[in-house]
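Visitor: Provided below are the primary sequence and the corresponding predicted coordinates.
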Amino acid sequence: MKNIAIIMGGYSSEYKISLKSGNVVFETLNKSKYNPYRIHIFKDKWVYVDKNNNEFPIDKNDFSVTVKNKKIVFDCVFNAIHGSPGEDGFMQGYFKLINMPHTSCGMYQAALTFNKRDCLSALKPYGIKTAESFYINLGDVINEDKIIAKVGLPCFVKANKAGSSFGITKVHKKEDLQNAIEVAFKEDNEIIIEAFLDGTEVSVGVIKYKGETKVLPITEIVTENDFFDYEAKYLGKSQEITPAPLSKEQDEKVNAIAKKVYTILKMKGFSRSEFIFKNGEPHLLEVNTIPGLTRESILPQQAKAAGIPLADLFDNAIEEALKSLP
């Protein structure tokens, strides 16, 4: 029986969603094969939480825990932290240093994909199409006319390094731009302003499955709101259609591009890329390396459509991680 540490929580606004994802993994993992442990990672504490909600501190020297004078060491970490420090490379770097297998991508890949601006810039030379964008750092002089001249209206103002649609606003009028910029700066000290692409939005899951890079059935996002914001994502204000009703040509195009992105970035584990079709061409918005894993989340929906039960999806992630041992 392998001891599996399921890390959840994190330091960002996404911690509640991460706790949900982590608990789904905990409940779903095959108990005849694995001993799962819920590990909460917060700024003020790293703790193992038992079934009675008792907390035991994690020894950061080797990521072990002592319960009733018995030291528990882990064979593998299942990473369910959305946002920092689980999706931006910090935990990946730490696990690399202590030689601990984990289910997410490498440190560099996590840091790169978490930074929307850098990720899109790295992929552009490979012919990956993206929306026209404008970058601002905290303290920069803001020239609204210059921004609008480049990206047009409406546009999206986003925190550069935040997930789950925190710090994102769709701006229709010049006079609303300043406020949107302030909202984004509450989440991050770098922001990205992107042209609005009017087209079909799709989400594409790509995973390593039984040693192969596998693209899962694609999901179309249809939202009641102005865009796929936090409400649309988590409060039922959107419709997610899997498999997406795309033409064969659209499906093949976005499938190939999502796989290409995964390969170029030398990804491992789960990934979910968001695209919008403009003039029939998929434009990449962002890449998520720790997508939501609740039963309602997009990637588990896609796995189900591919005939992969959740228990198999999670089991495979651990098996793939254990293969990486030297």
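Guide: Received, thanks. Residues are numbered from 1 along each chain as shown.
Visitor: C-alpha from now on. contacts and neighbour counts both.
Guide: Fine.
Visitor: for the most far-flung residue of the chain relative to its centre, list the residues it contacts.
Guide: Distance from the centre of the chain peaks at N69, with 36.9 Å (CA atoms, centre = their mean). Contact partners of N69, counting by CA atoms under 8 Å, 6 or more residues apart in numbering, are absent.
Visitor: quick one: residues in contact with stretch 113-122.
Guide: 83, 87-88, 112, 130, 135, 160-162, 192, 284-289.
Visitor: buried set for that stretch?
Guide: T113, F114, N115, K116, R117, C119, L120 (16 or more other CA atoms under 10 Å).
Visitor: what does stretch 310-324 give?
Guide: Quick answer for stretch 310-324 (16+ other CA under 10 Å): L310, D312, L313, F314, D315, N316, A317, I318, E319, E320, A321, L322.
Visitor: just send these back as CSV, with distance to E182 and pLDDT too.
Guide: As requested, the buried residues of stretch 310-324 are exported to CSV (distance: CA to CA, whole Å; pLDDT from 0 to 100):
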residue, distance to E182, pLDDT
L310, 39, 96
D312, 43, 97
L313, 39, 97
F314, 39, 98
D315, 42, 98
N316, 42, 97
A317, 39, 98
I318, 41, 98
E319, 44, 97
E320, 42, 97
A321, 40, 97
L322, 43, 96
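Visitor: restricted to helices, list those.
Guide: Assignment to helices by DSSP state H places the following of the buried residues of stretch 310-324 there: L310, D312, L313, F314, D315, N316, A317, I318, E319, E320, A321, L322.
Visitor: now the first one, nearest residue through space, not along the chain?
Guide: This means L310. Take L310 and drop its neighbours on the chain: the residue closest to it by CA to CA, 6 or more residues apart in numbering is P300, 6.5 Å away.
Visitor: same deal with the last one?
Guide: Among residues not flanking L322 along the chain, P101 sits closest, at 6.0 Å (CA to CA, 6+ apart).
Visitor: check the offset of stretch 69-86 from the chain's centre.
Guide: Centroid separation between stretch 69-86 and its chain, computed with CA atoms, centre = their mean, to the nearest Å, is 17 Å.
Visitor: may I see the buried residues of it?
Guide: Within stretch 69-86, judged by 16+ other CA under 10 Å, the buried ones are 74-86.
Visitor: ditto for stretch 97-107
Guide: In stretch 97-107, counting by 16+ other CA under 10 Å, buried: M100, P101, H102, T103, S104, C105, G106, M107.
Visitor: can you check stretch 193-204 too?
Guide: For stretch 193-204, by 16+ other CA under 10 Å, it's I193, E194, A195, F196, L197, T200, E201, V202, S203, V204.
Visitor: got the angle for whichever strand or helix holds the last one vs helix 310-323?
Guide: Secondary structure assignment for V204, by DSSP states H and E: strand 201-209. An angle of 60 degrees separates the directions of strand 201-209 and helix 310-323 when computed by axes from the mean of the first three to the mean of the last three CA atoms, to 10 degrees.
Visitor: could the buried residues of stretch 310-324 go into TSV alongside distance to K146?
Guide: Listed next are the buried residues of stretch 310-324 as TSV, based on distance: CA to CA, whole Å:
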residue	distance to K146
L310	48
D312	50
L313	46
F314	47
D315	50
N316	48
A317	46
I318	48
E319	50
E320	47
A321	46
L322	50
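Visitor: surely P217 and A305 touch.
Guide: Yes. Taking CA atoms under 8 Å as the definition, P217 is a contact partner of A305 at 6.5 Å.
Visitor: out of the two, which sits in the more crowded spot?
Guide: P217 (21 against 15; other CA atoms under 10 Å).
Visitor: what about the more buried one, which SS state?
Guide: Per DSSP: H, G, I helix; E, B strand; the rest coil, the secondary structure class of P217 is coil.
Visitor: how close does it sit to Q301?
Guide: The gap separating P217 from Q301 is 9 Å, by CA to CA, to the nearest Å.
Visitor: which residues do these two both contact?
Guide: Any residue near both P217 and Q301 by CA under 8 Å, 6+ apart counts here, and that gives T242.
Visitor: quick revisit: quick one: contacts for the residue nearest to L310?
Guide: Counting by CA under 8 Å, 6+ apart, P300 has contacts L293, T294, L310.
Visitor: I figured the last one was touching L299, is that so?
Guide: No. With contacts counted by CA under 8 Å, L310 stays clear of L299, the gap being 9.9 Å.
Visitor: pretty sure E286 contacts S273?
Guide: Yes. Between E286 and S273 there is a contact at 5.8 Å, judged by CA under 8 Å.
Visitor: which strands and helices sit next to whatever helix or strand M8 lives in?
Guide: Element membership for M8, per DSSP H and E: strand 2-9. Other elements packing on strand 2-9 under the criterion 3 or more CA pairs under 8 Å, 6 or more residues apart in numbering; DSSP states H and E are helix 15-28, strand 34-42, strand 76-79.
Visitor: tell me which of the ones you listed sits nearest to V151.
Guide: helix 15-28 (31.7 Å; CA to CA).
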